[in-house]
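Trainee: here's a sequence, model it:
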Amino acid sequence: MYGQRCPRRAPAARRARGAAAGAACLAATALLAAPSLAAAPAAGQAAVLAGAVGRGGPAGQPRGIAAAAAAIADERTGRRLWARHPDRTLPVASLTKVMTAYVVLTRGRIGRYVTITRADVRYVGCCIASAGLRAGDVLTARQLLYAMLLPSGADAARALAEAYGPGIAAFVARMNAAARRLHLTGTRFTNFDGVPASDESTPASLLRLGEAAMRLPFFRAVVRARWHRLRAGRLHHAYLWRNRNLLLGRYPGAIGIKTGWTPAAGECLLFAAVRGHRELIGVVLDSAPTDSGETFVAAARLLDWAFGARQPAARPAMPAHGPLD
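Mentor: This is a model prediction of the structure:
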């Protein structure tokens with residue numbers, strides 16, 4: 001079961017990263033033991049991200065984009081501004097949860113109650129992010145969407161999949177049906193959270209998925225929230241969920257969307273930002289083998305280049321720990 005072990009890397013091309021990925025997975029085990037945590041790059045990466053903000057490339061091409069595949073587009077016109085291997089199929093890690101949220105929201109009834117089971121809680125293991133949910137708590141689907149999209153809680157994703165399938169197999173079938181309706185070529189889902197390397201897509205299709213999700217007002221509101229507090233009630237404990245997207249509140253105009261990391265997928269990020277009347281959406285896949293924050297550097301550089309930024313943005317003050325997803 002994927003909740004109990006670290007996923008293996010794809011063969012051949014990724015074997016050189018095995019040691020680094022294994023170390024990251026061991027670090028994840030300790031940090032994920034604390035419930036409802038989000039995080040940010042280490043202090044050394046703070047300077048890297050700060051340096052990336054405001055530094056666009058020369059006319060025509062962005063520079064310094066660490067990614068196996070990436071793309072950025074004008075969200076309102078759909079015009080692609082730049083891409084690297086836009087049709088390459090790669091594992092997408094927790095970017096899968098964007099489709100999980102899309103299926104739940106298009107099914108409706110997000111005020112329905114969902115009981116958290118022991119299976120939901122036990123699912124979370126090495127390398128799988130948790131919202132810290134407690135078995136027996138009763139939450140609405142609306143609340144679970146925050147729990148899934150901000151701290152990337154796989155426990156919340158599992159609970160939603162069970163409720164909205166109903167059952168995981170039926171829910172995954174709905175995910176793939178939605179992918180076909182949205183014409184997401186090169187896209188296949190085998191699970192609800194993106195931990196298996198068989199959850200895969202392309203930059204071009206992920207942009208299309210992100211555009212569709214961002215047209216849903218509730219999704220748009222959730223992914224731009226930096227944190228969400230749920231006070232204790234008769235049916236559930238108190239929770240505080242923080243967003244793992246370090247661009248929020250640190251990159252001017254950032255409004256989402258979703259982080260991702262597994263050893264098989266590397267660092268991934270689906271992101272969006274608004275400046276003036278322009279709204280950009282972009283994606284970075286496999287920007288680094290370990291969960292170091294490099295994906296935020298690549299996203300900031302792409303946004304600066306696409307916005308034509310000439311002045312550096314304010315340097316963000318970063319917290320001290322690296323994100324795990």
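Trainee: contact partners for Gly186?
Mentor: Asp87, Arg88, Thr89, Glu200, Ser201, Thr202, Ala204, Ser205 (C-beta atoms under 8 Å, 6 or more residues apart in numbering). Every residue, glycine included, has its C-beta placed from N, CA and C.
Trainee: what about the fourth one, how many neighbours?
Mentor: Read that as Glu200. When counting by other C-beta atoms under 10 Å, one arrives at 23 neighbours for Glu200.
Trainee: ok, now which ones touch it?
Mentor: Going by C-beta under 8 Å, 6+ apart, Glu200 touches Thr89, Leu90, Pro91, Val92, Gly186, Thr187, Arg188.
Trainee: just the closest of the residues you listed to Leu139, please.
Mentor: Using C-beta to C-beta, Val92 is the member of the contacts of Glu200 that lies nearest Leu139, at 25.9 Å.
Trainee: which parts of the stretch 1-150 of the chain are strands?
Mentor: Under the criterion DSSP state E, counting those that start in this stretch, the stretch 1-150 of the chain contains strands at 69-74, 80-84, 90-91, 113-115, 138-140.
Trainee: comparing those, which comes out most buried?
Mentor: Mean neighbour count (mean count of other C-beta atoms under 10 Å) peaks for strand 90-91 among these, with a mean of 25.
Trainee: and that one, what does it pack against?
Mentor: strand 200-201 (3 or more C-beta pairs under 8 Å, 6 or more residues apart in numbering; DSSP states H and E).
Trainee: beta partners for Leu139?
Mentor: Per DSSP bridges, the residues bridged to Leu139 are Val114.
Trainee: so what's Pro289 scoring on pLDDT?
Mentor: Note on Pro289: pLDDT of 85.
Trainee: check the one 4 residues further on too.
Mentor: At Gly293, the pLDDT value in this model is 85.
Trainee: run a quick neighbour tally on it.
Mentor: Residues near Gly293, counting by other C-beta under 10 Å, number 26.
Trainee: the one 10 residues further on too?
Mentor: Summarising burial for Leu303: neighbours were counted as other C-beta under 10 Å, giving 27.
Trainee: what about it, which SS state?
Mentor: Secondary structure state of Leu303, per DSSP: H, G, I helix; E, B strand; the rest coil, is helix.
Trainee: and the gap between it and Thr262?
Mentor: 24 Å (C-beta to C-beta, to the nearest Å).
Trainee: likewise for Ala163?
Mentor: Ala163 is 24 Å from Thr262, by C-beta to C-beta.
Trainee: give me the more crowded residue out of these two.
Mentor: More neighbours surround Thr262 than the other of Ala163 and Thr262, with 31 against 19 (other C-beta under 10 Å).
Trainee: for the more buried one, give me phi and psi.
Mentor: Backbone torsions of Thr262, given as degrees, to the nearest 10, read phi -140, psi 160.
Trainee: farthest residue from the center of this protein?
Mentor: Centroid-distance maximum for the chain: Arg234 at 31.1 Å, with C-alpha atoms, centre = their mean.
Trainee: tell me how many other residues surround the closest residue to Arg174 other than its chain neighbours.
Mentor: Using C-beta to C-beta, 6 or more residues apart in numbering and skipping the chain neighbours, the partner closest in space to Arg174 is Val103 (5.0 Å). Neighbour count of Val103, defined by other C-beta under 10 Å: 23.
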